[in-house]
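Asks: Please work out how this folds:
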Amino acid sequence: MASSARSGMILFVGIALLAAALVIHLILLDPGVWTWIPLIAGLALTAYGAYAIRTELAELLRLRRGEIALYTVGVIGILVALGWLSTRFPVRYDMTTHGMYSLSDATIKMLDRLEQPVRITFFHDPMMRETVELYELMAARTPKISVQFFDPMANPAQARMMGVQFPGTAVMESGGRRLQVNGPTETDIANGILRVSRASTQRICFLDGHGEPDPFSIESHDHTEGDAGHSHGLGGKFVVHERHGMAKARNSLESMNYSVEKVALSQTSVSLDKCAVLVVAGPQNPLLPPEAEAVRKYIEGGGNALFMLDPFVTTGLEPIVRSLGIVLDDDMVIDDASHFWSDPSAPAVTDYNRHQITRELPLSFFPGARSLSPTPQRVPNTYVMPLANTSKRSYGETTRDRAEFTAGKDMEGPLTIMAVVSRRLDVHDIGDDSAPKEGEDGSRRRSRIVVVGDSDFATNSFFHIMGNGKLFLNAINYLAAQENLIGIEPRTFDMPRVNLTNRQMKGTFFLSVILIPALLALIGTIVWWRQR
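Replies: Below you'll find the predicted structure:
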């Protein structure tokens, strides 16, 4: 009996030595004397102990106990095999509601539209597994992305050669250009890929000096109704110290490889020649005649512009917009059928005219918008296309202190609140030698202009809600002739919320508060009557 106990102890020590050899090998990753000694000793002791107690082991494996042991070994073997297969053939399934562990649709579209291959070298430590997975997902999405992973502590020479000092740094290379990205988020990585794969950066110029929203301001307001809130509709009071911000729009543009700057045309040294797109976002004071003349020359010279002009504000740009075939109506759109929440002066649009700007666009709304009308006479070489229209029950209120339709004075809906202008011009008719030309044979070129009867929809307060931000970015990408970026919007992390139009709110109220309780009451009454 004592001999059997001693042999069992030897068997146990042999198995422990085998386990120790395995652990040492996993730590050192290099077979050496400290791995071979416990391995050989463990094999010898295990073999001797198993042979010494072979009778007891045979008795243990007989009948039911043997079946249980074999079943246990089989289950362990299956689990080991599944674990090995999962490392060789990994499968991901994101079960989160918002796809937190998957690439966003915008990133997928950007990767699918890549024109240049991008080689990425990412230096990381073991704690950056989530960022490593992001790079792996992007590399698996398209063959134009190749990724190498290094630990700067284990590969200091490689890190030194590429100028990397800290973990979490990615070196991206494409077309002879090199860029370092230090951000761990999907937006940072996608932004870096987009920037390094594109040869040039286009400049987006925001007009400044007339009370426009500041693209470098993060200010936003709570737009609750009533005197306690900040109103954009009829009867709203102007608060001098308040100024909307457009930092969300600017950050999104910079994430798409645009450079953003403010331009004050009152300064004589400022020129619009290098602006790919001029954004005039809701000036609250009229432009001076020299400033308006600079904008006119920019448009006539083939420049692209986004005019977002609020109702009941004279900007001095009315003649310029009229020369493009659009009349800025002096009214505010009231839409009783389709509006955002319970504010009829914030028309909501769900059905757009087909255009690249409105491709796959969800609901958007315009807090306080003026209507746009065509000029009585068509402007030569100019094509105007409405993009967003209000419902048939809308009208253009010309009185500033009340919302009541007056026949013969207020225009009936549907009304246009956003339009795009394609202007073709002959370079010989420009009259400016500095204007860019496409040929010496009188060839023609095109200028693109988008006119919106509201600027608030793109400010920080509303940019992230529904399709407002996507509409603004699509317009910029179209004006900058970057149609391959249309539909790409950087991922935001705002709290999820449900936004409904007035019609949807009424339908939800009727369904949940009236119809369903009424059906339950009817069914209960029928059951009670039959039982009675």
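
Asks: make it CA atoms for all contacts and neighbour counts henceforth
Replies: Will do.

Asks: which residues of the stretch 351-500 of the chain fall in helices?
Replies: Ranges of helices in the stretch 351-500 of the chain, per DSSP state H, counting those that start in this stretch, are 468-479.

Asks: Any regions of this structure where pLDDT drops low?
Replies: Within the chain, the stretches with pLDDT under 70 are 1-2, 29-31, 60-66, 97-98, 220-243, 426-445, 483-502, 532.

Asks: could you show me where the helices are in it, in order?
Replies: Along the chain, the segments classed as helices by DSSP state H run 2-28, 33-52, 54-60, 63-88, 105-112, 129-141, 156-161, 186-197, 247-255, 289-300, 318-322, 468-479, 502-509, 516-531.

Asks: Put the alpha carbons of the fifth one into CSV.
Replies: Backbone C-alpha positions of helix 105-112 (Å, rounded to 0.1, in the frame of the first residue of the first chain) are rendered in CSV as follows:
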residue,chain,number,x,y,z
ASP,A,105,-20.5,52.5,-42.7
ALA,A,106,-18.6,55.7,-43.5
THR,A,107,-15.2,54.0,-42.9
ILE,A,108,-16.2,51.1,-45.1
LYS,A,109,-17.2,53.4,-47.9
MET,A,110,-14.0,55.3,-47.6
LEU,A,111,-11.9,52.1,-47.7
ASP,A,112,-13.9,50.8,-50.7
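
Asks: elements contacting it?
Replies: Where contact means 3 or more C-alpha pairs under 8 Å, 6 or more residues apart in numbering; DSSP states H and E, helix 105-112 is packed against helix 129-141, helix 186-197.

Asks: Please convert the helices of the chain to a markdown table, extending it with mean neighbour count.
Replies: Formatted as a markdown table, those follow (neighbours: other C-alpha atoms under 10 Å):
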| stretch | mean neighbour count |
| --- | --- |
| helix 2-28 | 17 |
| helix 33-52 | 18 |
| helix 54-60 | 12 |
| helix 63-88 | 12 |
| helix 105-112 | 18 |
| helix 129-141 | 17 |
| helix 156-161 | 14 |
| helix 186-197 | 22 |
| helix 247-255 | 21 |
| helix 289-300 | 17 |
| helix 318-322 | 16 |
| helix 468-479 | 24 |
| helix 502-509 | 15 |
| helix 516-531 | 11 |
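
Asks: Quick one: closest of those to residue 461.
Replies: Closest of the helices of the chain to residue 461 is helix 247-255, at 9.2 Å (criterion: C-alpha to C-alpha).

Asks: Now tell me what touches that closest one from outside.
Replies: For helix 247-255, contacts defined as C-alpha atoms under 8 Å, 6 or more residues apart in numbering pick out 187-188, 191, 214-218, 259-260, 458-460, 463, 469, 472-473, 489-490.

Asks: got it, and stretch 188-199?
Replies: By C-alpha under 8 Å, 6+ apart, the list of residues contacting stretch 188-199 from outside reads 107, 110, 114-118, 172-175, 177-183, 201, 255-257.

Asks: out of those residues, which are buried?
Replies: Among these, those classed as buried by 16 or more other C-alpha atoms under 10 Å are 107, 110, 114, 116-118, 172-174, 179-182, 255-257.

Asks: from those residues, which single one is nearest residue 514?
Replies: Checking the buried ones among the contacts of stretch 188-199 against residue 514 with C-alpha to C-alpha, the nearest one is residue 107 at 42.8 Å.

Asks: separation between that closest one and residue 518?
Replies: From residue 107 over to residue 518 the distance is 46 Å, taken as C-alpha to C-alpha, to the nearest Å.

Asks: thinking again about what came up before, tabulate the helices and strands packed on helix 105-112 in a markdown table, adding columns for distance to residue 315.
Replies: Output for those, formatted as a markdown table (distance: least, C-alpha to C-alpha, whole Å):
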| stretch | distance to residue 315 |
| --- | --- |
| helix 129-141 | 46 |
| helix 186-197 | 36 |
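
Asks: Can you tell me which of the ones you listed is nearest to residue 168?
Replies: Nearest to residue 168, of all these, is helix 129-141, at 8.4 Å by C-alpha to C-alpha.
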